[in-house]
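**Q** what follows is a predicted structure for the sequence shown.
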Amino acid sequence: MIKNFIGNYRIPLIKIQRCNLVHYRFYSSVKDYSISKTRNIGIIAHIDAGKTTTTERMLYYSGYTRRIGDVDDGTTVMDYLKQERERGITITSATITFAWRNYRINLIDTPGHVDFTVEVERSIRVLDGAVTILDAVSGVEAQTQTVWAQANRYNVPRIAYVNKMDRVGARFGRTVREMRYKLGTTPLVCQIPVIQKDNRGNSLLCGIVDLLDMRVLDWNKDPKGSVINRTPLTDKYPIVGLYNEAIKGRSCLIETLSEMDDNMLDLFLSAEDHMKISVEDAKQALRRVTLNGKAVPVFCGASFRNIGVQPLIDAVVDYLPSPLDRPVPIASLSDDESIEILPKENEKLCALAFKVIHDNKRGPMVFVRVYSGKLDNHMTLYNTNIHNKERVNKLLQMYANDVEEISLITAGNIGVIIGLKETRTGDTLIQFNDSRKSLRLKNIDIPAPVFFRVVEAAGISEEKPLEEALKNILREDPSLHVHVDKDSGQTLISGMGELHLEIVKDRLLNDFKVKAKLGKMRISYRETVINDKIDHTYLYEREIMGKRLKAQISLTITPLHENDQGSFNEGGNRIILNLTKKTIISDELDQSINNQETSELIKLSIEEISNAVYTGIISSLYRGPILGFPITRLSINVHSLRLFGAESTKTAISTCASQALTDALKGRNLVLLEPLMNVNIDVPEEYLGVVLGDLTGTRRGNVLGLETSGNLFDNLDNNIEIYVPPDPIFFSSNKNDKIVNPKKVIHAHVPLSTMLGYSSSLRSLTGGTASFDMSLSSFGIMNDDRAKAVIREMQGGF
Ligand SMILES: Nc1nc2c(ncn2[C@@H]2O[C@H](COP(=O)(O)OP(=O)(O)OP(=O)(O)O)[C@@H](O)[C@H]2O)c(=O)[nH]1
């Protein structure tokens, strides 16, 4: 074991040699990190904001790595998948644990690309806090707004880090303003950048002023940024104006804090001077307002230049919550009974599987967050979602792609279980002998898939490996759907976006080494009935292999409207099964003679009968009559079922329900629906016309609104004044610096079919200066011409 000193911090390390890379990793078991000294945090942002670059520095300064990984060279610890390194993007959230100031930080680096929103969502679900990284040149981008909204959904406290302050056009003040305006939050600026001009007139980021302790931090002594110089900032500081600006920043910070925090108000009233408030008092107030979601502390830096990262990790420890600071999760025991899951080791075990990945050597690796109790490496577990017994084989602590075997995962921590055979993302795990067999933590909502492709094994011998590989990918990725088309026998994979399915293809061919062919990328349309309320009774009667099968069902189908409230199944339908002893009619007259077989009827419980009906209806909803797309927006009410003794087996009931629905829809007023996307585009004013023209022309977009990003505060409820640093932030000479025009934000509804390949079109229309974000809004009815065109296009089959 070696002792390592970084700044003031001493971190116990072990040395691990892998190939020619040496990792120094803090050894988790040497220190018992209490739950209050644990931080489960995520890094969330728009694509390319610098999440991985920043995380790699965190690992380096914490002593986990000895070399700083580079995204552009493909040498990062966090982006370890082959596809991530090749494309320079994060696809799967990597989890890593490192120590900082005697705190244990479990960090998740999430993807920024819109196609992997579900990956972000399932990580946010188990996080206690998040660092939002913003690009100082681009400001608050479209995907930042999406991930911010996701974090809001789970009430995750955040801090923000304005990265890339070294780039030409970096605007700290504008980014802070945009946080207020676009994210609707109260940004509290805790640092200001120190920027000087060199003798060629270029601006250089040379440090940061910490507004709490009024010191200038500079990293000039060491190119790797490990050594930080902290000099008190006085009015003698060589950069003119910097001192006054910092005084202004600190005063505003204290004032804003006193408006939001009563303790700070008392201190401020008695001190009567902003500068007299101690660093410790200011920090505590900042922590309180961050934890209760009232404000977001803002930091800045340039991770690529190794500037600003250590104070950011300090801020994670100082301002983000421990599991004890979070609201206690509530788990349901039944529809109307719920209990609190207390974050204590001596409680009964309750853990959530938030991610599953398939590892060729280790098999399925199930990532869990333990909410209460402790999980040990010999436990037998119970999965309350699939009602299965599961055995723990090993427990692992993850260091991105590297692992350490551990014996325990305690309340408030994140780790990996090896040995679970069936557990999927979102399942709740308890100890096998726990009597709370229906206890469930809330799962995440997964948006409907909008693209699909046919996948086919290259030969008969490849069919089994393909099936296995798809099964494994499916367990890993809850946003992927695999469905075998009943009529054509083809296997269809559907997902969130073009890139999503492209990556699945890559993984099938390269990781799982399956020889498979993938068809063209297609839009996943939907089918529905309009205007008709259908009452239908259907009798199913068939002889299969000498056995008579018979059942009769009565149902009513009512079209739902887009804005209808209430519960839907995953296909956007509502299935109501009104099956009770009264509505299930058992017809003894038609009963089979064989007495032994009649016992099957008696054996079927109402729950089993209902499940058989449900399965039948769902299977029929998968394939609509027009083009075989899933049927949506129907309310299906099954009000009676007639059983004929032993002939009414589960299969007979299920098939009857399925055929009843298909039969009911024959000759009805069916229409095709297409996915309509919510599209937000950030575009510089000079390209606004061309982007709008393109959007409303061939792309059939409907523009809902246009905003100017930047200095609009009008639509905010709270009138708390915040400090916004000046832009550009030069204190010696700022006369000739060009101010970049604020961007416009276009909000529109656009059919997905016209948005294929939009990122490259937008790039060429705007010279790469615009960005966009897209999510499913709804499915809209196609007009006749459009429907005919789609039918023509699809007639050649999938
Ligand atoms: N100039 C400059 N470039 C940076 C900085 N931080 C990151 N970059 C560059 O920005 C690009 C994107 O960085 P990443 O760290 O991959 O960004 P990301 O947010 O992880 O990207 P995704 O995971 O794909 O969403 C890379 O080319 C980095 O080298 C910075 O502080 N300054």
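**A** Looks like it came in fine.
**Q** what residue in the stretch 351-500 of the chain comes nearest to the ligand?
**A** Per C-beta to the nearest ligand atom, residue 499 is where the stretch 351-500 of the chain lies closest to the ligand, at 10.8 Å. Where C-beta positions appear, they are placed from N, C-alpha and C, glycine not excepted.
**Q** for that residue, grab phi and psi.
**A** The phi and psi values for residue 499, taken as degrees, to the nearest 10, are phi -70, psi -40.
**Q** from residue 455, how far off is it?
**A** 17 Å (C-beta to C-beta, to the nearest Å).
**Q** next: residue 620.
**A** Distance, residue 620 to residue 455, using C-beta to C-beta: 23 Å.
**Q** same question, residue 423
**A** From residue 423 to residue 455 the distance is 25 Å (C-beta to C-beta).
**Q** residue 657 against residue 610, yeah?
**A** No. Between residue 657 and residue 610 there is no contact under C-beta atoms under 8 Å: 10.1 Å.
**Q** these two - which one has more neighbours?
**A** Neighbour comparison, residue 657 and residue 610: the larger count goes to residue 657, with 28 against 18 (by other C-beta atoms under 10 Å).
**Q** and the more buried one, how far is that from residue 667?
**A** In this structure, residue 657 and residue 667 are 20 Å apart, going by C-beta to C-beta.
**Q** again with residue 404
**A** Counting by C-beta to C-beta, the separation of residue 404 from residue 667 is 64 Å.
**Q** which one's more surrounded, the two?
**A** A direct count of neighbours by other C-beta under 10 Å for residue 404 and residue 667 places residue 404 higher, at 17 against 9.
**Q** mind checking the SS state of the more buried one?
**A** For residue 404, the secondary-structure state derived from DSSP: H, G, I helix; E, B strand; the rest coil is strand.
**Q** which residue is the nearest non-sequential neighbour of it?
**A** Counting by C-beta to C-beta, 6 or more residues apart in numbering, residue 397 is the residue found nearest to residue 404 once chain neighbours are left out, at 4.6 Å.
**Q** what separation is there between residue 648 and residue 500?
**A** For residue 648, the distance to residue 500 - C-beta to C-beta - is 42 Å.
**Q** so for these two, which residue has more residues nearby?
**A** Per other C-beta under 10 Å, whichever of residue 648 and residue 500 has more neighbours is residue 648, with 30 against 26.
**Q** residue contacts, the closest residue to the ligand within the stretch 651-798 of the chain?
**A** Residue nearest to the ligand within the stretch 651-798 of the chain: residue 771 (11.8 Å; C-beta to the nearest ligand atom). By C-beta atoms under 8 Å, 6 or more residues apart in numbering, the contact list for residue 771 reads 46, 138, 141, 142, 143, 681, 682, 762.
**Q** correct me, but the third one touches residue 133?
**A** Spelled out, that is residue 141. No. Under the criterion of C-beta under 8 Å, residue 141 makes no contact with residue 133, lying 10.8 Å away.
**Q** ok so, going back, and the residue of the stretch 351-500 of the chain closest to the ligand, how many residues sit next to it?
**A** Neighbours of residue 499 (other C-beta under 10 Å): 19.
**Q** what segments of the stretch 101-250 of the chain are strands?
**A** Secondary structure of the stretch 101-250 of the chain by DSSP state E, counting those that start in this stretch: the strands cover 103-109, 129-135, 158-163, 187-189, 191-197, 203-210, 215-218, 229-232.
**Q** pick the most buried one from those strands.
**A** When the strands of the stretch 101-250 of the chain are scored by mean count of other C-beta atoms under 10 Å, the highest mean neighbour count falls to strand 158-163 (a mean of 28).
**Q** the stretch 51-200 of the chain: helices as residue ranges?
**A** Under the criterion DSSP state H, counting those that start in this stretch, helices of the stretch 51-200 of the chain are mapped to 51-61, 82-87, 117-126, 142-153, 172-182.
**Q** and the angle for the third one with strand 103-109?
**A** Between the axis of helix 117-126 and that of strand 103-109 there is an angle of 160 degrees, by axes from the mean of the first three to the mean of the last three C-alpha atoms, to 10 degrees.
**Q** mind giving me the packing neighbours of helix 117-126?
**A** Counting contacts by 3 or more C-beta pairs under 8 Å, 6 or more residues apart in numbering; DSSP states H and E, helix 117-126 is packed against strand 38-45, helix 142-153, strand 350-359.
**Q** before we move on, the earlier item: distance to residue 361 and mean pLDDT added to the strands of the stretch 101-250 of the chain, as CSV?
**A** Converted to CSV, the strands of the stretch 101-250 of the chain look like this (distance: least, C-beta to C-beta, whole Å; pLDDT from 0 to 100):
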stretch, distance to residue 361, mean pLDDT
strand 103-109, 23, 87
strand 129-135, 32, 94
strand 158-163, 36, 96
strand 187-189, 45, 95
strand 191-197, 44, 88
strand 203-210, 44, 88
strand 215-218, 44, 92
strand 229-232, 46, 90
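**Q** closest to residue 512 out of those?
**A** strand 103-109 (24.2 Å; C-beta to C-beta).
**Q** any part of that closest one near the ligand?
**A** No. Against the ligand, strand 103-109 shows no contacts by C-beta under 6 Å from any ligand atom, the least distance being 6.9 Å.
**Q** partner strands of that strand, with direction?
**A** strand 38-45 (parallel), strand 94-100 (antiparallel) (DSSP bridges).
**Q** now the ones you listed in CSV, with distance to residue 469?
**A** As requested, the strands paired with strand 103-109 are exported to CSV (distance: least, C-beta to C-beta, whole Å):
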stretch, distance to residue 469
strand 38-45, 29
strand 94-100, 22
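**Q** can you say which of these is packed in most?
**A** Most buried of the strands paired with strand 103-109 by mean neighbour count (mean count of other C-beta under 10 Å) is strand 38-45; its value is a mean of 26.
**Q** in PDB, list the C-alpha atoms belonging to that strand.
**A** Taking C-alpha atoms only, strand 38-45 is exported to PDB below (Å, rounded to 0.1, in the frame of the first residue of the first chain):
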ATOM      1  CA  THR A  38     -21.200   9.000   1.100                       C
ATOM      2  CA  ARG A  39     -22.200  10.900  -2.100                       C
ATOM      3  CA  ASN A  40     -24.100   9.100  -4.900                       C
ATOM      4  CA  ILE A  41     -23.800  11.600  -7.700                       C
ATOM      5  CA  GLY A  42     -24.300  11.800 -11.400                       C
ATOM      6  CA  ILE A  43     -22.900  14.000 -14.100                       C
ATOM      7  CA  ILE A  44     -25.500  15.200 -16.400                       C
ATOM      8  CA  ALA A  45     -25.400  17.500 -19.400                       C
END
